[in-house]
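Engineer: Turn this into a structure:
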Amino acid sequence: MPNRPMTEAFQASPRARRGPGRAHGHARRGGPSRRAFLGCCGAAAAAGLFTGLGGFAGEARAAAPWATECRPALPAAAAELLQRTWLGLAVDQLWDMHCHLLGNGDSGSGCYLHPSLTSGFDIVERARRRVILDAACVDPEGASIDEAYVRRLRELADGFPPGARWLLFAFEQAHDDTGGVHRERTTVHVPDRYAAGVAAATPQRFAWVASIHPYRPDARAALQQARRDGAVAVKWLPSSMNIDLRDPRSLAFGEAASGLGLPLIVHCGEEKAVPGAQRDDLVNPLHVRALLERGVRVIVAHCASLGQAADLDRPSAPDVPAFDLFARLMDERAFEGRLFGDISAVFQRNRRPAVWQALLERSHEGRWQGRLLHGSDYPLPGLKWLTSLPRLRAAGLLAEADESLLAELREHNPLLFDLALKRCLRRGEARLGPEVFATRRHFGAAA
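Structural biologist: Residues are numbered from 1 along each chain as shown. Predicted coordinates:
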């Protein structure tokens with residue numbers, strides 16, 4: 001697929017207005033006006049924007065209520081479910097390797113949200129922001145979104161036994177092909193220094209992941225600084241940030257990161273939540289091959305489980321499911337030990353049952369064993385309409401007895417819900433084994 005210059009892409013695409021598919025703060029709010037806003041219109045808008053399934057809007061409207069409840073203490077009924085969840089897991093090895101930070105900079109964090117998310121006439125974009133804040137139990141009219149988001153995340157983490165940790169993502173701005181920042185094409189920005197500071201404040205629970213654009217003139221220096229500040233990986237979202245993985249600057253950066261013990265966490269497959277630069281041609285899983293051939297360790301976010309991409313290995317380059325291209329790379333023996341996939345968001349309703357089944361089966365046996373990594377994509381587990389327990393049960397992956405227990409747990413602690421759900425899923429004898437949740441070993445740069 002041809003790689004259009006960033007300037008051309010800007011001229012060809014509409015103004016970046018669609019907001020974050022990730023993260024914010026704390027504090028339960030309520031009241032009729034909020035529920036009214038987050039009712040029919042909010043659910044319908046968010047359904048299409050976050051899932052890519054326009055027909056889902058009717059089902060979202062039917063949820064009663066669909067907004068996150070943010071209840072406090074865990075219900076007594078959760079005890080048996082959680083006992084099964086922790087059975088066989090080494091808690092000190094459990095690092096949720098896909099957890100988002102987000103804020104609006106009201107605490108001096110340097111975080112940024114595109115103005116379309118908070119002002120203007122686009123009700124869909126403003127609904128998107130409200131829905132995401134709802135998932136993180138953040139009051140959008142509260143004193144500080146930055147602080148509320150982190151406070152809520154700490155509260156949820158405290159529901160886990162000591163030793164469990166979360167890798168908090170910084171998030172780079174969009175850049176053009178010359179390495180210049182394009183603020184107007186940036187949906188969300190979370191600076192490295194902010195992610196490092198949040199992690200340093202609660203080191204028993206958090207570590208952090210840098211996000212550095214490889215086209216930046218100071219990219220190598222920023223990488224060195226991130227390593228000194230304790231970063232354990234680097235996160236890229238190519239379509240949002242305008243990063244071509246095949247560009248010589250990307251390849252050189254990847255080699256430098258690997259030399260420092262830092263894997264690249266790269267989003268592949270369709271991106272609905274953070275459109276940014278809108279370079280959908282840059283999230284083809286086959287682009288990862290160029291990095292792998294240089295010896296770079298790559299973790300493909302969400303296992304490229306959403307959308308389609310051009311099959312560049314075939315002369316006609318037909319569009320095929322992006323997951324199939326990811327699976328092709330995973331099955332290449334030369335990339336064992338270098339290519340991994342994180343399973344955050346993969347069991348949401350917008351993924352195909354065939355993807356769910358393949359992940360369970362290939363984790364259970366074969367060369368994928370030990371190469372799938374647990375991540376939550378927080379705060380998305382708090383959006384209860386994104387994960388359909390009845391649909392998972394209908395696909396034969398979830399026992400009926402577990403459905404109500406999981407639904408109740410989700411209202412109290414969506415991070416525990418996400419973990420418990422993945423531990424409950426089965427297809428015959430196939431399941432996600434303990435090695436999927438022993439993620440700490442993949443981040444050798446950690447102190």
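Engineer: do you know how far the residue most central in space within the chain is from Arg426?
Structural biologist: In the chain, the C-alpha closest to the average C-alpha coordinate belongs to Asp377, at a distance of 3.5 Å (Cα atoms, centre = their mean). Distance from Asp377 to Arg426, counting by Cβ to Cβ, to the nearest Å: 22 Å. Yep, even glycine has a C-beta here, placed from its N, CA and C like the rest.
Engineer: The residue nearest to the centre of the chain against His98, yeah?
Structural biologist: Yes. Between Asp377 and His98 a contact is recorded at 5.2 Å, counting by Cβ atoms under 8 Å.
Engineer: anything in contact with each of the two?
Structural biologist: Common neighbours of Asp377 and His98 (criterion: Cβ atoms under 8 Å, 6 or more residues apart in numbering): Ser344.
Engineer: give me the number of residues near Ala76?
Structural biologist: Neighbouring residues of Ala76 were enumerated by other Cβ atoms under 10 Å; the total is 7.
Engineer: in the protein, what spans have low per-residue confidence?
Structural biologist: Judged against pLDDT under 70, the low-scoring parts of the chain cover residues 1-67, 120-126, 446-447.
Engineer: Can you tell me the SS state at the residue of it positioned farthest from its centre?
Structural biologist: Among the C-alpha atoms of the chain, the one most distant from their mean position (Cα atoms, centre = their mean) is that of Pro315, at 32.4 Å. Each residue gets one of three states, and Pro315 gets coil by DSSP: H, G, I helix; E, B strand; the rest coil.
Engineer: before we move on, could you check phi and psi at it?
Structural biologist: Pro315 adopts backbone torsions of phi -50, psi -40, taken as degrees, to the nearest 10.
Engineer: before we move on, what about Leu416?
Structural biologist: For Leu416, the backbone dihedrals (degrees, to the nearest 10) come out as phi -60, psi -40.
Engineer: Contacts only, for it.
Structural biologist: When contacts are counted by Cβ under 8 Å, 6+ apart, Leu416 touches Leu74, Ala78, Leu82, Thr85, Leu156, Gly159, Phe160, Leu409.
Engineer: and the second one, what does it touch?
Structural biologist: It stands for Ala78. For Ala78, the set of contacting residues under the criterion of Cβ under 8 Å, 6+ apart consists of Leu405, Glu408, Leu409, His412, Leu416.
Engineer: again, 7 Å this time
Structural biologist: By Cβ atoms under 7 Å, 6 or more residues apart in numbering, the contact list for Ala78 reads Leu405, Glu408, Leu409.
Engineer: Skipping adjacent residues, who's closest to the second one in space?
Structural biologist: The spatially closest residue to Glu408, leaving aside those adjacent along the chain, is Pro75, at 5.5 Å (Cβ to Cβ, 6 or more residues apart in numbering).
Engineer: ditto for the first one
Structural biologist: Nearest residue to Leu405 in three dimensions, chain neighbours excluded: Leu81, at 4.6 Å (Cβ to Cβ, 6+ apart).
Engineer: Which SSE is immediately downstream of the helix or strand that contains the one you found?
Structural biologist: Secondary-structure assignment from DSSP states H and E places Leu81 in helix 78-86. Tracing the chain C-terminally past helix 78-86 and defining elements by DSSP H and E, one meets strand 95-100 next.
Engineer: what helices or strands is the helix or strand just after that next one leaning on?
Structural biologist: Where DSSP H and E defines the elements, the next helix or strand beyond strand 95-100 is strand 112-113. The elements that strand 112-113 packs onto, with contact taken as 3 or more Cβ pairs under 7 Å, 6 or more residues apart in numbering; DSSP states H and E, are strand 188-189.
Engineer: what lines up beside the strand it packs on in the sheet?
Structural biologist: Using DSSP bridges, strand 188-189 pairs in its sheet with strand 112-113 (antiparallel).
Engineer: For the strand it pairs with, what is the distance to the chain centroid?
Structural biologist: 17 Å (Cα atoms, centre = their mean, to the nearest Å).
Engineer: And for stretch 77-95?
Structural biologist: 22 Å.
Engineer: what about Gln369, is that helix, strand or coil?
Structural biologist: Classified using three-state DSSP, Gln369 is coil.
Engineer: Return the residues in contact with it.
Structural biologist: If you count contacts by Cβ under 7 Å, 6+ apart, then Gln369 has Ser363, Glu435 around it.
Engineer: again, 6 Å this time
Structural biologist: If you count contacts by Cβ atoms under 6 Å, 6 or more residues apart in numbering, Gln369 has none.
Engineer: For it, grab phi and psi.
Structural biologist: Geometry field for Gln369 lists phi and psi as phi -60, psi 130, criterion degrees, to the nearest 10.
Engineer: Asp218 too?
Structural biologist: phi -100, psi 20.
Engineer: and it, how many neighbours does it have?
Structural biologist: Asp218 has 12 neighbouring residues, counting by other Cβ under 10 Å.
Engineer: again, but for Arg351
Structural biologist: By other Cβ under 10 Å, the residues close to Arg351 number 20.
Engineer: State the distance from the residue lying closest to it once chain neighbours are set aside to Pro381.
Structural biologist: Closest residue in space to Arg351, ignoring its immediate chain neighbours: Ser305 at 5.0 Å, by Cβ to Cβ, 6+ apart. Per Cβ to Cβ, Ser305 is found 16 Å from Pro381.
Engineer: and those two? which has more neighbours close in?
Structural biologist: Ser305 (28 against 25).
Engineer: Make sure the residue nearest to Leu405 is actually in contact with Ser404.
Structural biologist: No. Contact between Leu81 and Ser404 fails when scored by Cβ atoms under 6 Å: they sit 10.1 Å apart.
Engineer: more crowded one of these two?
Structural biologist: Remark: of Leu81 and Ser404, Leu81 carries more neighbours, 22 against 11, as counted by other Cβ under 10 Å.
Engineer: Give me the distance between the more buried one and Ile132.
Structural biologist: Applying Cβ to Cβ to Leu81 and Ile132 gives a distance of 27 Å.
Engineer: same question, Thr387
Structural biologist: Distance of Thr387 to Ile132, given as Cβ to Cβ: 15 Å.
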